[in-house]
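Asks: Sequence first, then the predicted structure:
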Amino acid sequence: MQVRFWGVRGSIAVSGGAFAATGGNTTCLEIAHEGHRVILDGGTGLQRMGADCIATDGPQLDATLLFSHVHWDHIQGVPFFGPAFHPGSTLRLGGAPGLADALQEQMRAPMFPVGLDALQAQLSFVDVEVSEPLIVGPFTIHAETMSHPNGVLVYRVEAGGHSVVFATDVEHGEQLDPRLLDFAEGADLLVHDAQYTDDEYDAHRGWGHSTWQQAVDVAHLAGVGQLALCHHDPGRTDAQVAAIEALANQQHRGTFAAREGGRVAL
Ligand SMILES: [Zn+2]
Ligand SMILES: [Zn+2]
């Protein structure tokens, strides 16, 4: 499996020299295996991914795009996803309850110049059930609910004997959520919300996010291989991200800060 980070920022996209090395686009993760592609979340990073697909393979794309939830920072790339405008593309969308409505709403007049029907690709919506895995090409994809305002799904994507767990926008609260410890058990790569530090968390209780220390604890207790700290706070500078990464890696070897454009081969 080839994993690529196209957006690693939480809440809102940012730009500027202090954020350039980490990247400013919001959440988007690509997982490719044997010519098939699964995309997790359509934050602003999806725009860059689409531009890269077009430059590399042309304007047509066949992919499955699953959403953790429909907060803005996870859907805003969709209206700017180049391959979605090509009639030869096939996109299966799914995951978040109310996804079709949310995608239509964010392109509704007077907030956006064209509607969802401007996307010429063959769009279909797939149901994601917590109780039953979704099979897409070589991928087996499990989903689980976690605590986040308005709800969220975390995903476990398995193919070729490897596994990636994508757990963004999760709030553990005082204790680590046992659902995630079970769900992430033994994963090769865990991509985990790391928006806050322990010190910052008190002022953001109920906002729906984790601390990087909690991400490390989940990785340790679930026995995962690599841990990618993700959904960086929009105010977190490159220097701060690097400092967190160094501390976290001391506590769980194989921990790194997700950076835009970064790749992991499993
Ligand atoms: Zn988010
Ligand atoms: Zn959210």
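Replies: Cool, the structure landed. Ligands and ions are numbered 1, 2, ... in the order given.

Asks: Looking at stretch 85-102 now, give me its mean pLDDT.
Replies: The pLDDT scores in stretch 85-102 average 96.

Asks: Now do it: distance to the chain's middle.
Replies: For stretch 85-102, the separation from the chain centroid amounts to 16 Å (computed by CA atoms, centre = their mean, to the nearest Å).

Asks: cool, stretch 157-172 as well?
Replies: On CA atoms, centre = their mean, the centre of stretch 157-172 falls 9 Å from the chain's centre.

Asks: Would you mark the buried spots in that stretch?
Replies: Residues of stretch 157-172 classed as buried: 157-159, 162-172 (neighbour count, 16 or more other CB atoms under 10 Å). Quick note: C-beta positions are derived from backbone N, CA and C, even for glycine.

Asks: now stretch 80-93
Replies: Using 16+ other CB under 10 Å as the test for burial, stretch 80-93 gives F81, G82, P83, A84, F85, H86, S89, T90, L91, R92, L93.

Asks: ok so, going back, which single one of the buried residues of stretch 157-172 is nearest to P97?
Replies: The closest of the buried residues of stretch 157-172 to P97 turns out to be D169 (CB to CB; 14.5 Å).

Asks: Can you classify that closest one by secondary structure?
Replies: Under DSSP: H, G, I helix; E, B strand; the rest coil, D169 falls in the coil class.

Asks: can you tell me which of the buried residues of stretch 157-172 lies nearest to ligand 1?
Replies: Using CB to the ion, D169 comes nearest to ligand 1 of the buried residues of stretch 157-172, at 4.5 Å.

Asks: separation between the closest one and H232?
Replies: To H232, D169 is 13 Å away according to CB to CB, to the nearest Å.

Asks: Overlap of the contact sets of these two?
Replies: G10 (CB atoms under 8 Å, 6 or more residues apart in numbering).

Asks: And the strands in the stretch 101-250 of the chain, which stretches?
Replies: Under the criterion DSSP state E, counting those that start in this stretch, the stretch 101-250 of the chain contains strands at 122-126, 134-136, 139-146, 152-159, 162-167, 189-193, 226-230.

Asks: can I assume Q76 is in contact with L103?
Replies: No. Contact criterion CB atoms under 8 Å: Q76 and L103 do not qualify, at 10.4 Å.

Asks: For S89, which non-adjacent residue is spatially closest?
Replies: Take S89 and drop its neighbours on the chain: the residue closest to it by CB to CB, 6 or more residues apart in numbering is A121, 3.7 Å away.

Asks: Tell me how many other residues crowd that neighbour.
Replies: 21 (other CB atoms under 10 Å).

Asks: who's in contact with it?
Replies: Taking CB under 8 Å, 6+ apart as the criterion, A121 is in contact with L61, P83, A84, F85, H86, P87, G88, S89, T90, L91.

Asks: Identify the spatial nearest neighbour of the fifth one, chain neighbours not counted.
Replies: With sequence-adjacent residues excluded and distances taken as CB to CB, 6+ apart, H86 is closest to P59, at 4.2 Å.

Asks: And for that neighbour, the neighbour number?
Replies: So P59, with other CB under 10 Å, has 16 neighbours.

Asks: Likewise for R48?
Replies: R48 is flanked by 20 other residues according to other CB under 10 Å.
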